[in-house]
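based on what follows, work out the 3D shape:
(2 chains)
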Amino acid sequence: MIKVEHLYKSFDDRMVLTDINATFENGRVNLIIGQSGSGKTVFMNNIVGLLTPDRGNIFYDDRDFVALSKRDKILLRREMGMIFQSAALFDSMSVLDNVMFPLNMFSDKSYEDRVKRAKECLARVNLAGTEGKFPKELSGGMQKRVAIARAIVLEPKYLFCDEPNSGLDPKTSIVIDELIQGITHEDNITTIVNTHDMNSVMGIGENIIFICEGKAEWQGSNLEIMDARNPRLEDFIFASDILRQVKEAHDAQG
Amino acid sequence: MLTFESALRGTGKYVMLMGRTLSRPDRWRMFYRQYVTEMFQLGYNSIGIVLIISFFIGAVICLQIKLNIQSPWMPEMVVGYTTREIMLLEFSSSIMCLILAGKVGSNIASELGTMRITQQIDALDIMGVNSANYLILPKVAGLITIMPILVTFSVASGIIGAYCTSFLGTTTVEELTVGFHYEFNQWFFWCGIIKAVVYAFIITSVSAYKGYTVVGGSVEVGKASTDAVVTSSVLILFADIFLTQILT
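Alright, predicted model coming up:
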């Protein structure tokens, strides 16, 4: 479980995050949603330690990440996996080497065992047979799947996904969402997904935090979102005509 | 004042980055793999340009000295002697490193800059890898290792170039050989090696700093690449003055 308490973050004089409180439970897909520029990426970067908050605490189970020593932070990071918006695969390495990289750095397993584990992860994301290819030879969706395989190869306790569906077609996005959800449930991982994809919100949003102008405006599940009475959330979620009609139909049914 | 402040801040950031870089690798196995790769990419791939440039510069220095300095009043060995001293003391170390600052420096800055803007460095940091150490240390160690070999090749190539001028009829092999052997001081060769090692550190560390700290997109990567070449070149020239004073 990850718990965020009274988190503040500013850049120069501009306050980006104001008093954010949130709880991300394990075994569930937790979504951070919000408009572009609302502060959700800054929020996630604070949680993973790419940015340091001005104030507040971030607890990984019972460990306060902000207060940890540099050494302990590095050790905690080895329990994290992250999928970046751009996939962030290493261009100079093959798919197999990309997935094996965390094992090569931190595992004492033999070479054969490392290869075996990397191939298992690739098979799990339906990419068996692509081991020898390089990232530039793969489609966007395949690159994201390699990134997922790399993120889970060390069996992380915490999985972070920064806009994993960015630049993907709706069908591929669903595949990625289902993979993330499946891995989260099977491995009992605390997963946090940063997204503004409504399909993801409705499909896998077991716990959703809506960030607006740097503040946590609403928290609930995809089932509760239809009944939420928050004008800013409604304005964001039901921005398109189709979703507005779905909402109106839902409200009409009572 | 603002420029001085930003220069001071930049120096501080550079020192901190070097502090992270020059630490014990997380995994020696990975370090050695990267080290060999970098020696190949930065050093082996530069051998061609070093040989070609040194060959022609050696030949041109020889011709210029023959045509402009040598006279009946000068001993015959002056052409070979001067060519050798220029190659050993300045060209094969300092000038060749200025050339390599352009090739290797821009390569390092653009590679790391692209890794930064495509979040590959963030990915390393999230994994708990010391990204500065993993990415920069093998480059520094690789070029420092290969640089003495490049200097040696450069000197040899320059001397071969000088000998080749004898085909033009301007000099003779005999008078060049006498000059090349005249009062040879082995220490001058080591001066060139020591200088080149220092320059190798400057080129790799400064270029890596410029690339590693890129913020923005492709335009900023291009700017970092240019800055890396300019800054390394200026620092090499500064270091040249001090090293020449100290070593000779």
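
okay, buried residues for stretch A:49-56 please.
Of the residues in stretch A:49-56, those buried under the neighbour-count criterion (16 or more other C-beta atoms under 10 Å in any protein chain shown) are A:49-51, A:53, A:56. C-beta here means a position set from N, CA and C on the backbone, and glycine is covered the same way.

what about it, start to end distance?
From the first residue to the last, stretch A:49-56 extends over 13 Å; the measure is C-alpha to C-alpha, to the nearest Å.

near the residue in the stretch 51-200 of chain A positioned nearest to chain B, how many other residues are there?
When distances are taken as C-beta to the nearest C-beta, the stretch 51-200 of chain A reaches nearest to chain B at residue A:77, 3.5 Å away. Counted with other C-beta atoms under 10 Å in any protein chain shown, the neighbours of residue A:77 add up to 20.

filter the buried residues of stretch A:49-56 down to the ones near chain B?
When C-beta under 8 Å from any C-beta of the partner chain is taken as the criterion, the members of those that contact chain B are A:49-50.

among the buried residues of stretch A:49-56, which pair sits farthest apart?
Using C-beta to C-beta, these reach their maximum pairwise distance at A:50 and A:56, which is 15.6 Å.

all helices of the chain, in order?
No chain in the question, so chain A it is. According to DSSP state H, chain A carries its helices in the segments A:40-48, A:70-77, A:95-106, A:111-124, A:140-152, A:170-187, A:198-204, A:231-237, A:241-253.

should've been chain B
Under DSSP H, chain B gives helices at B:2-21, B:28-38, B:47-68, B:78-86, B:96-100, B:106-117, B:120-127, B:131-164, B:173-181, B:186-212, B:218-247.

contacting residues for residue 126?
Just going to use chain A. For residue A:126, the contacting residues are residue A:145, by C-beta atoms under 8 Å, 6 or more residues apart in numbering or on different chains.

switch to chain B, that's the one I care about
Residues near residue B:126 by C-beta under 8 Å, 6+ apart: A:48-50, A:77, A:80, A:82, A:160.

get me the contact residues on chain B for chain A.
Chain B comes close to chain A at residues B:26-27, B:29-30, B:114, B:118-120, B:122-123, B:125-130, as judged by C-beta under 8 Å from any C-beta.

ok, of those residues, which come out buried?
In terms of neighbour count (16+ other C-beta under 10 Å), the buried residues within those are B:26, B:30, B:114, B:118-120, B:122-123, B:125-130.

got these as CSV, with pLDDT columns?
Rendered in CSV, the data for these read as follows (pLDDT from 0 to 100):
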residue, pLDDT
B:26, 87
B:30, 92
B:114, 96
B:118, 93
B:119, 92
B:120, 95
B:122, 92
B:123, 92
B:125, 91
B:126, 89
B:127, 89
B:128, 88
B:129, 91
B:130, 93
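
nearest residue to the middle of the chain?
Chain wasn't specified; assuming chain A. Nearest to the mean C-alpha position of chain A, by C-alpha atoms, centre = their mean, lies residue A:161 at 2.3 Å.

if you could check chain B rather than the one you did, that'd help
The C-alpha lying nearest the average C-alpha coordinate of chain B belongs to residue B:97 (C-alpha atoms, centre = their mean; 2.8 Å).

distance of that residue from residue B:56?
In this structure, residue B:97 lies at 17 Å from residue B:56, with C-beta to C-beta, to the nearest Å as the measure.

please apply the same query to residue B:113.
If you measure residue B:113 against residue B:56 using C-beta to C-beta, the figure is 32 Å.

neighbour count winner among these two?
A direct count of neighbours by other C-beta under 10 Å for residue B:113 and residue B:56 places residue B:113 higher, at 28 against 14.

quick one, what contacts the more buried one?
Here residue B:113 is in contact with B:210-212, B:214, B:220-221, B:224-225 (C-beta under 8 Å, 6+ apart).

now the closest residue to chain A within chain B, nearest residue through space, not along the chain?
For chain B, the nearest residue to chain A under the criterion C-beta to the nearest C-beta is residue B:128, separated by 3.5 Å. In space, residue B:128 comes closest to residue A:77 once its chain neighbours are excluded; the distance is 3.5 Å by C-beta to C-beta, 6 or more residues apart in numbering or on different chains.

residue B:124 is in contact with that neighbour, correct?
No - judged on C-beta atoms under 8 Å, residue A:77 makes no contact with residue B:124 at a distance of 10.2 Å.

contact partners for residue A:238?
For residue A:238, the set of contacting residues under the criterion of C-beta under 8 Å, 6+ apart consists of A:244, A:246-247.

residue B:200 contacts residue B:139, correct?
No - no contact is recorded between residue B:200 and residue B:139 when judged using C-beta under 8 Å, the distance being 9.7 Å.

what residues does the stretch 51-200 of chain A have near chain B?
Near chain B, when you scan the stretch 51-200 of chain A using C-beta under 8 Å from any C-beta, you find A:74-78, A:80, A:82, A:84-86, A:88-91, A:101-102, A:104-106, A:160.

now which of the residues you listed would you call buried?
In terms of neighbour count (16+ other C-beta under 10 Å), the buried residues within these are A:74, A:76-78, A:80, A:82, A:84-86, A:88-90, A:101-102, A:104-106, A:160.

pLDDT wise, what is the residue nearest to residue B:128 at?
Residue A:77 carries a pLDDT value of 88.

how near is it to residue B:126?
Computed with C-beta to C-beta, the distance linking residue A:77 and residue B:126 is 6 Å.

next one: residue A:146
Distance check for residue A:146 against residue B:126: by C-beta to C-beta, it reads 16 Å.

then residue B:139?
If you measure residue B:139 against residue B:126 using C-beta to C-beta, the figure is 22 Å.

please tell me how far residue B:141 sits from residue B:201.
Distance check for residue B:141 against residue B:201: by C-beta to C-beta, it reads 10 Å.
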